[in-house]
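Novice: Kindly generate the corresponding structure for this input.
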Amino acid sequence: MRFSVVACIVRGVSQSILFRKFPMAFIDALAPVVRQAYEITDFDARTKIRKGWGFLEREATEEGARRVVEAIGDTAGGVAVIDNAQLRTPAKPLVIIGGEIGEAGITAKLQSPKEPPRLVKWPELGVVAVGRFSEEIIHREAGGNEQNTKQMMIGLGVFMVTGIPPIGGLSGRGKKKKEEKPVKTSRVITFGRIVTTAGEQFVFGPNHFDFSGLGAKKELNTMANFRVLISELARLSSAKLNLGARLLLDNQSLAFANYGGLHDFETELLWLMNAPDAAPKSI
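Specialist: Next comes the predicted model:
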C-alpha cells in the first residue's frame, strides 16, 4: 500500500495516525507542530510523541485525522493514516531456542519438539526487535507438611515475552496450610523477536537460546552472543529495527529504550509493521 502526505487517509470509523519515520530522531522539529495541532504545551507534545511509539493517534476520526495530516505536513516525513481494521498485526509468537545463520537465511529451531526447524529467508525478514523491561515477582513462604519449600509466583510477563515458563511454573502446586506476607521484588527481562513480511513472529530469550549456529562468530558470554545474532540479522536482511535493537547494536543500555512493559514494545512493533517509510537501518 502506497501513501502520500495529503491523500493518505483511508476512510473508516476508527483510524490510526502513524509517523512515517522514526519520530524520536526528529522530535525537535515535530514538537512545535504537534503542540500547535493539539493546542498543548511543548512538554506534553514531546511526551505524546515519545510515548506513542511511532503512533500519534490510535483512535482518530476521519475529520480529526485530516486536520492532523494538514498540520504536520511534510515535517519529518509527515504522517500516514490507516483504518484500524487494515492495520497489519503479527501472528502469535512461536518460541525458538536456537538458530543457524546461513547464506539463504536463518534456520530457527522451535521450542516445540513437534515443530521442524523453520527457514526464514533473508528477504522474508521484516522486523528485528529487542526488548527489555522489569517484571514484578512475588515471593510467598508456604508452610505445612504438604509443602515446606519456598514458592515463587511470577506474573505472566516472562511467559508472554519469551514463552519460557517461570520458575515454579505459572502457579503453585499443592495445598498450603499457611501463607506468610508476600515479598515483592523484580527481575529484568531481555528478549528478541523477529517478524516476517508475512506476519509470522518468533520470540526468544538469550538465556534460553543456543548460539552455536553463529559458528566462528560465537562469543564467550550470552549478551555478547545476543548482540552478534541481532547484528547478523540486521546485516544480512533489509529488516526494520526497533529502538531496542538499535541501542543494542550501538552498545548502549537497553534501559534507554524506556519500555514500560510489553504493551510499549508491541505498540512499536505494530508501528514498524505498518509505517510506510520507516528507515530499516538507521534513525
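Novice: low pLDDT regions in this structure?
Specialist: 1-13, 137-180, 277-283 (pLDDT under 70).
Novice: let's go with 50 and repeat that
Specialist: Along the chain, segments meeting pLDDT under 50 span 1-12, 143-157, 167-172, 282-283.
Novice: hey, where'd the strands end up in it?
Specialist: Along the chain, the stretches classed as strands by DSSP state E are 15-19, 55-60, 79-83, 94-101, 105-110, 118-121, 125-140, 142-143, 151-154, 178-179, 183-196, 201-204, 240-241.
Novice: can I get those in CSV with mean neighbour count and distance to Lys218?
Specialist: (Glycine included, C-beta is placed from N, CA and C.) CSV is the format used below for the strands of the chain (neighbours: other C-beta atoms under 10 Å; distance: least, C-beta to C-beta, whole Å):
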stretch, mean neighbour count, distance to Lys218
strand 15-19, 26, 37
strand 55-60, 19, 38
strand 79-83, 23, 41
strand 94-101, 20, 10
strand 105-110, 19, 15
strand 118-121, 17, 20
strand 125-140, 20, 19
strand 142-143, 16, 41
strand 151-154, 18, 30
strand 178-179, 10, 45
strand 183-196, 18, 16
strand 201-204, 23, 16
strand 240-241, 24, 22
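Novice: As a markdown table, the ones you listed with distance to Ala29 would be great.
Specialist: Listed next are those as a markdown table, based on distance: least, C-beta to C-beta, whole Å:
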| stretch | distance to Ala29 |
| --- | --- |
| strand 15-19 | 11 |
| strand 55-60 | 14 |
| strand 79-83 | 13 |
| strand 94-101 | 38 |
| strand 105-110 | 37 |
| strand 118-121 | 36 |
| strand 125-140 | 25 |
| strand 142-143 | 56 |
| strand 151-154 | 42 |
| strand 178-179 | 55 |
| strand 183-196 | 29 |
| strand 201-204 | 33 |
| strand 240-241 | 21 |
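Novice: and of those, who's closest to Thr222?
Specialist: Thr222 sits nearest to strand 183-196 of all the strands of the chain, at 9.4 Å, using C-beta to C-beta.
Novice: Just list what that closest one packs against, helices and strands only.
Specialist: strand 125-140, helix 157-162, strand 201-204, helix 222-236, helix 262-274 (3 or more C-beta pairs under 8 Å, 6 or more residues apart in numbering; DSSP states H and E).
Novice: Between strand 125-140 and that strand, find me the angle.
Specialist: 170 degrees (axes from the mean of the first three to the mean of the last three C-alpha atoms, to 10 degrees).
Novice: how big is the angle separating strand 183-196 from strand 105-110?
Specialist: Using the same axes, to 10 degrees: strand 183-196 against strand 105-110 is 140 degrees.
Novice: What pairs with strand 183-196, parallel or antiparallel?
Specialist: For strand 183-196, the paired strands and their directions (DSSP bridges) read strand 125-140 (antiparallel), strand 201-204 (antiparallel).
Novice: Out of the strands of the chain, which gets nearest to Arg66?
Specialist: So among the strands of the chain, strand 79-83 is nearest, using C-beta to C-beta, at 8.0 Å.
Novice: Output the closest one as CSV, nothing but the C-alphas.
Specialist: Written as CSV, here are the backbone C-alpha positions of strand 79-83 (Å, rounded to 0.1, in the frame of the first residue of the first chain):
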residue,chain,number,x,y,z
VAL,A,79,2.3,11.1,8.9
ALA,A,80,0.1,8.5,7.4
VAL,A,81,-3.4,7.5,8.4
ILE,A,82,-4.7,3.9,8.3
ASP,A,83,-8.1,2.5,9.2
